[in-house]
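Peer 1: Next comes the sequence, and after it the predicted model I'd like to discuss.
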Amino acid sequence: MERKTMRKVLLLATTCLFLIGMLSTADAQWWTSSSSTSSTSSTSSTSSSSGLGSYSVVKSTIGDPNAVSVSSMTKLSSVSSTGWTKVSLPSPCVDGSGASTFIMARRGSTNNLVIHLEYGGACADYSTCQSILSGGSVITLNPSYSSLSLSNTAGIWNNSSTSNPFRNWTKVFIPFGTGDIHMGNRAVKYTGGLRSKTVYHAGYLNAIVAMRWAKAQGTWDKVVLTGSSAGGYGTILHAYKANQVFGQPIYTINDSGPGLTAAAGSTMADQTEIGARWGSWDNFPAGAITDKSKEMLYFVEYTLKNCTSCYYGLFETLQDSTIANYEGRSASSHQSELVRVTSDIDSRWDSRFCYYLPSGAGHTILTSSSFYSTRLSSTYLYNWVKNVINGSCSDLSAN
């Protein structure tokens, strides 16, 4: 498809997920593993046959997340118990613009921890790495604490609701401003005509450092990982990584990040190239996937196999218009593929993989008031989440 046609599709996007679906192309080599930690700069420019603009690698690895000291970070004892506290991440952690970045935390009264990966879109060239308001595909590459702290008060953040499964838990919020669904660790210079822009795809680096900080604050009775949209996709990798960091079972709730393949003939670019630009491949374990044509969601099986007490729950509306758009599918086609893949995984991991698939075209729910009003059959979503994080995994679907 011509680049002009692809740009038209991008400009019509009204939500913040572009390229998330790119991460699911069937014929890609997403699960290729590498142990490289080189930070060698490159000036070679590469263009894309899929329609993405040219780029060059500025820094192949921004930093080793396991070598970053978290000792200088704000201690949990100094974090507010009534609202969000900004906790600055140490260098080399950065947002997508290359500026210093942060996480948000709220200290709970129980010895339980929930970590959330934010939504926010994705990008892989000069045009898509502009904000949505400027015709690009990301909400921002420079998250604002003042904005995020004021806007994240509903859903699982609502401590006044007695129905909240995470009421009085310690909460850690990992902002998304790196354009890489929390999976990247590479600085790239994107070129568009006579203009250029360097983007720091540091989502993986930031997330691992944030989890290591949370681990250093003490011993947790229970650790839950959640993520919405781009963050939901991020949980597919980070459920495994969280188990490595904390050394204990991880209970995961993926909100609207189903990890399905893009439809044949869609405008989605080759995820092999997307992974190269983000440096994501280096962050997956060797041998995790033997059939590289399978949907990204299948990586969950690797996690469940290697963590025998981990649980993974997926919420996704059957006709999710945002996800269907980026898959290049109709709502009915998205529904069919969603049901096929989740049922297939569930057939082998029924006791520890489960799904909640209501009818509808909505997108994301964990951080909205609808989290408490959504009901499928006789089960409210908040009760289903409560069951999953307590080791009782059940499947619910309106299909």
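Peer 2: Thanks, I have the structure now.

Peer 1: contacting residues around the residue lying closest to Asp395 once chain neighbours are set aside?
Peer 2: The spatially closest residue to Asp395, leaving aside those adjacent along the chain, is Cys354, at 5.1 Å (Cβ to Cβ, 6 or more residues apart in numbering). For glycine as for every other residue, the C-beta is placed from the backbone atoms N, C-alpha and C. If you count contacts by Cβ atoms under 8 Å, 6 or more residues apart in numbering, Cys354 has them with 311-314, 346, 388, 393-395.

Peer 1: Restricted to strands, list those residues.
Peer 2: 311-314 (DSSP state E).

Peer 1: which of those residues tops the neighbour count?
Peer 2: Leu314 (29 neighbours; other Cβ atoms under 10 Å).

Peer 1: For it, give its distance to Ala207.
Peer 2: Leu314 sits 19 Å away from Ala207, going by Cβ to Cβ, to the nearest Å.

Peer 1: Tell me where the model's unsure across the stretch 51-200 of the chain.
Peer 2: Along the stretch 51-200 of the chain, the model assigns pLDDT under 70 to no residue.

Peer 1: how about the strands in it?
Peer 2: All strands of the stretch 51-200 of the chain, identified by DSSP state E, counting those that start in this stretch, fall at 55-59, 85-88, 102-106, 112-117, 170-174, 186-192, 195-201.

Peer 1: Mind giving me the packing neighbours of the shortest one?
Peer 2: Put plainly, it is strand 85-88. strand 102-106 (3 or more Cβ pairs under 8 Å, 6 or more residues apart in numbering; DSSP states H and E).

Peer 1: Sheet partners, orientation included, of the strand it packs on?
Peer 2: Strand 102-106 pairs in its sheet with strand 85-88 (antiparallel), strand 170-174 (antiparallel), by DSSP bridges.

Peer 1: Let me know which of the ones you listed is tucked in deepest.
Peer 2: strand 170-174 (a mean of 24; mean count of other Cβ atoms under 10 Å).

Peer 1: Can I get the strands of the stretch 51-200 of the chain in JSON lines including distance to Gly234?
Peer 2: Output for the strands of the stretch 51-200 of the chain, formatted as JSON lines (distance: least, Cβ to Cβ, whole Å):
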{"stretch": "strand 55-59", "distance to Gly234": "21"}
{"stretch": "strand 85-88", "distance to Gly234": "19"}
{"stretch": "strand 102-106", "distance to Gly234": "14"}
{"stretch": "strand 112-117", "distance to Gly234": "4"}
{"stretch": "strand 170-174", "distance to Gly234": "9"}
{"stretch": "strand 186-192", "distance to Gly234": "16"}
{"stretch": "strand 195-201", "distance to Gly234": "13"}
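
Peer 1: between those strands, which one is nearest to Ala331?
Peer 2: strand 112-117 (25.6 Å; Cβ to Cβ).

Peer 1: Among the contacts of Cys354, which one lies nearest to Val223?
Peer 2: Taking Cβ to Cβ as the measure, Val223 lies nearest Tyr311 of the contacts of Cys354, at 11.4 Å.

Peer 1: which residues does the closest one contact?
Peer 2: Contacts of Tyr311 (Cβ under 8 Å, 6+ apart): 249-252, 352-354, 388-389, 391, 393.

Peer 1: And the ones in strands among the contacts of Cys354, which is closest to Val94?
Peer 2: If you rank the ones in strands among the contacts of Cys354 by distance to Val94 using Cβ to Cβ, Tyr312 comes first, at 29.7 Å.

Peer 1: now the closest one: how far from Tyr119?
Peer 2: Distance, Tyr312 to Tyr119, by Cβ to Cβ: 19 Å.

Peer 1: got it, and Val388?
Peer 2: 20 Å.

Peer 1: Looking at the two, which has the bigger crowd around it?
Peer 2: Tyr119 (28 against 25).

Peer 1: Quick check: bridge partners of the residue nearest to Asp395?
Peer 2: Gly313.

Peer 1: Can you tell me how far it is from His182?
Peer 2: As for Cys354, its distance to His182 is 23 Å (criterion: Cβ to Cβ).

Peer 1: cool, Cys393 as well?
Peer 2: Distance from Cys393 to His182, by Cβ to Cβ: 24 Å.

Peer 1: out of those two, which sits in the busier spot?
Peer 2: His182 (32 against 21).

Peer 1: Apart from its neighbours in sequence, what residue is nearest that one?
Peer 2: Gly234 (3.3 Å).

Peer 1: Ramachandran coordinates for the one you found?
Peer 2: For Gly234, the backbone dihedrals (degrees, to the nearest 10) come out as phi -60, psi -30.

Peer 1: So what's the residue count around it?
Peer 2: Neighbours of Gly234 (other Cβ under 10 Å): 29.

Peer 1: Now for it: which residues touch it?
Peer 2: Applying Cβ under 8 Å, 6+ apart, we find Gly234 in contact with 117, 181-183, 203, 207, 227, 257.

Peer 1: And Glu301, by the same measure?
Peer 2: With Cβ under 8 Å, 6+ apart, Glu301 has these contacts: 345, 348-349, 353.

Peer 1: Inside helices: which ones of those residues?
Peer 2: Among the contacts of Glu301, the members falling in helices (DSSP state H) are 345, 348-349.

Peer 1: Thr303: which of those residues is nearest?
Peer 2: Ranked by distance to Thr303 (Cβ to Cβ), those are led by Trp349 at 9.9 Å.

Peer 1: Let me know the pLDDT of that closest one.
Peer 2: Reading off the confidence values, Trp349 has pLDDT 98.

Peer 1: For it, give me its contacts.
Peer 2: Per Cβ under 8 Å, 6+ apart, neighbours of Trp349: 300-301, 304, 312.
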